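Asks: Need coordinates for the below:
(one chain, ligands or ions: 1)
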Amino acid sequence: MNRNKILNMIWMVLLCACVSFRSAQCQTPLPIIDMHLHAIDVDANGPVPTGIGRGNPAYPDYDPEKPWMQTFFDWMANPNGENPIVSPMTNQELKDQTLAVLRRRNIYGITSGNRLDEFKQEGGEHIINSWMPPRDIKNWPSPEEVRKLLETGKYKVFGEVTLQYAGISPNDPRFAPYLEILEELDIPLGIHIGTGPPGVSYFMGMGKHLGRMHSAFEIEDVAIRHPRLRINLMHAGWPLADELIAVLYNHPQVYCDVGIICYSLPRDAFHDYLKRIAQAGFHRRIMFGSDQMNWPDAIEEGITAIETASFLSEEQKRDILYNNAARFLRLSQEEIDRHHGR
Ligand SMILES: [Zn+2]
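Replies: Numbers count the residues shown, from 1 in each chain. Sure, this is the predicted structure:
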């Protein structure tokens, strides 16, 4: 073999190695949409660090001799089991770690909370703005002010609406003018229907929070009154599967997300719930949502909970992790292609 041939061969080997290295580097993970992401203060769930037992929360019991908030904070400070999901210590770390997960896993988060603008500024396309009103409707801006805010185009979704914590039903007449605006402007509603923190009714000022409002039945009148409104039941009406299935069956425009239940419930309990909904025929209306608040690791814990569901096909998992939300949000083909790195 002459010298030129050898040099050519070396050149080809180097070129191939370089091309395969680049393609491995550039390979985009399949995209995921997180319908339920928050940008809030790191200590929103109590003094940091707070934590959640991975797959087994071991919910605390309440002896009224000690205030419930103290019991709750002790529980958050001492999460159950090995390798719990623990919050960072600062707002900066919370933002950095959350955005790092989004970038690494190619996740696009419908994001709300008081730190949204900071997250959006750094997170770019990975953060999709959602406007979260105050908990109690008496503190909301007027419908006309909200209309102006939404007409700016800054927000893709209206949520998370957390009226349930104030004991206010979606049927409350004060909510109606806002729903009319959402329907007219064609902005989807994300509303908390389902569980909150354990014992939340005994948190200061939340004594009107009731377990019976976890029911998906709460949304039926709204759905019928506003048939063009897209509705996401955040937390999927857990744990009332019968009511959720009846509502998904009766109102085909209603979707749900698995925020908080995907990582805070014992894994088997979450899978039982997911299986009920999917086996009833509604896997195309379930969307992944983490409800990540103070624990960046919770996002991947929630994704793992979907990926390990042995009763779902690979196609159903992709629907839950991305396709259903892309359909619900009416993403353009261009956006979908971009998310896939095409
Ligand atoms: Zn919620």
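Asks: what is the mean pLDDT for whichever strand or helix holds T111?
Replies: Using DSSP states H and E, T111 sits in strand 107-112. Per-residue pLDDT values over strand 107-112 give a mean of 98.
Asks: What lies in contact with that strand?
Replies: 31-39, 101-102, 119-120, 123, 125-132, 156-157, 159-160, 190, 289-290, 299, 325, 329, 339 (CB atoms under 8 Å, 6 or more residues apart in numbering). Where C-beta positions appear, they are placed from N, C-alpha and C, glycine not excepted.
Asks: Strands - which of the residues you listed land there?
Replies: Among the contacts of strand 107-112, the residues falling in strands (DSSP state E) are 32-38, 127-131, 157, 159-160, 190.
Asks: circling back: roughly how far is the strand holding T111 from the heart of the chain?
Replies: With CA atoms, centre = their mean, to the nearest Å as the basis, strand 107-112 stands 7 Å off its chain's centre.
Asks: Where does pLDDT dip in the stretch 1-150 of the chain?
Replies: Counting by pLDDT under 70, the stretch 1-150 of the chain shows low-confidence ranges at 1-26.
Asks: Wait, a strand at T71?
Replies: No - in this structure, T71 is helix, not part of a strand, as judged by DSSP: H, G, I helix; E, B strand; the rest coil.
Asks: Run through the residues that contact it.
Replies: P60, Y62, D63, G199.
Asks: Compare these and tell me which has the most neighbours.
Replies: Compared across the contacts of T71, G199 has the highest neighbour count, 18 neighbours, by other CB atoms under 10 Å.
Asks: Confirm for me that it is in contact with F72.
Replies: Yes - counting by CB atoms under 8 Å, G199 does reach F72; the two are 6.2 Å apart.
Asks: okay, and the common contacts of these two?
Replies: Counting by CB under 8 Å, 6+ apart, the contacts common to G199 and F72 are P60.
Asks: Pull the contacting residues for I187.
Replies: I187 makes contacts with L150, Y155, K156, V157, F158, as judged by CB under 8 Å, 6+ apart.
Asks: which stretches of the chain form strands?
Replies: Per DSSP E, the chain carries strands over the ranges 32-38, 51-52, 85-86, 107-112, 127-131, 157-161, 189-192, 231-234, 254-257, 286-287.
Asks: would you turn these into JSON lines with mean neighbour count and distance to N171?
Replies: Below are these laid out as JSON lines (neighbours: other CB atoms under 10 Å; distance: least, CB to CB, whole Å):
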{"stretch": "strand 32-38", "mean neighbour count": "27", "distance to N171": "23"}
{"stretch": "strand 51-52", "mean neighbour count": "22", "distance to N171": "32"}
{"stretch": "strand 85-86", "mean neighbour count": "20", "distance to N171": "36"}
{"stretch": "strand 107-112", "mean neighbour count": "27", "distance to N171": "23"}
{"stretch": "strand 127-131", "mean neighbour count": "21", "distance to N171": "21"}
{"stretch": "strand 157-161", "mean neighbour count": "25", "distance to N171": "13"}
{"stretch": "strand 189-192", "mean neighbour count": "24", "distance to N171": "12"}
{"stretch": "strand 231-234", "mean neighbour count": "27", "distance to N171": "14"}
{"stretch": "strand 254-257", "mean neighbour count": "27", "distance to N171": "15"}
{"stretch": "strand 286-287", "mean neighbour count": "27", "distance to N171": "24"}
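Asks: can you list these in JSON lines and add distance to V222?
Replies: Below are the strands of the chain laid out as JSON lines (distance: least, CB to CB, whole Å):
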{"stretch": "strand 32-38", "distance to V222": "18"}
{"stretch": "strand 51-52", "distance to V222": "31"}
{"stretch": "strand 85-86", "distance to V222": "34"}
{"stretch": "strand 107-112", "distance to V222": "19"}
{"stretch": "strand 127-131", "distance to V222": "18"}
{"stretch": "strand 157-161", "distance to V222": "11"}
{"stretch": "strand 189-192", "distance to V222": "8"}
{"stretch": "strand 231-234", "distance to V222": "7"}
{"stretch": "strand 254-257", "distance to V222": "10"}
{"stretch": "strand 286-287", "distance to V222": "19"}
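Asks: Nearest to E334, out of the ones you listed?
Replies: strand 107-112 (13.9 Å; CB to CB).
Asks: which residues touch Y155?
Replies: N129, S130, W131, L149, I187 are the contacts of Y155 under CB under 8 Å, 6+ apart.
Asks: Disregarding residues adjacent in the polypeptide, which is nearest to the fourth one?
Replies: Looking back up the chat, that one is L149. Distances taken as CB to CB, 6 or more residues apart in numbering place W131 nearest to L149, at 6.6 Å, with adjacent residues excluded.
Asks: What of Y263?
Replies: E301 (4.2 Å).
Asks: Report how many residues lie close to the one you found.
Replies: The burial count for E301: 19, using other CB under 10 Å.
Asks: need the contact list for it.
Replies: Contacts of E301 by CB under 8 Å, 6+ apart are R54, G55, I85, C262, Y263.
Asks: Find the residue at the geometric middle of the protein.
Replies: H36 (2.0 Å; CA atoms, centre = their mean).
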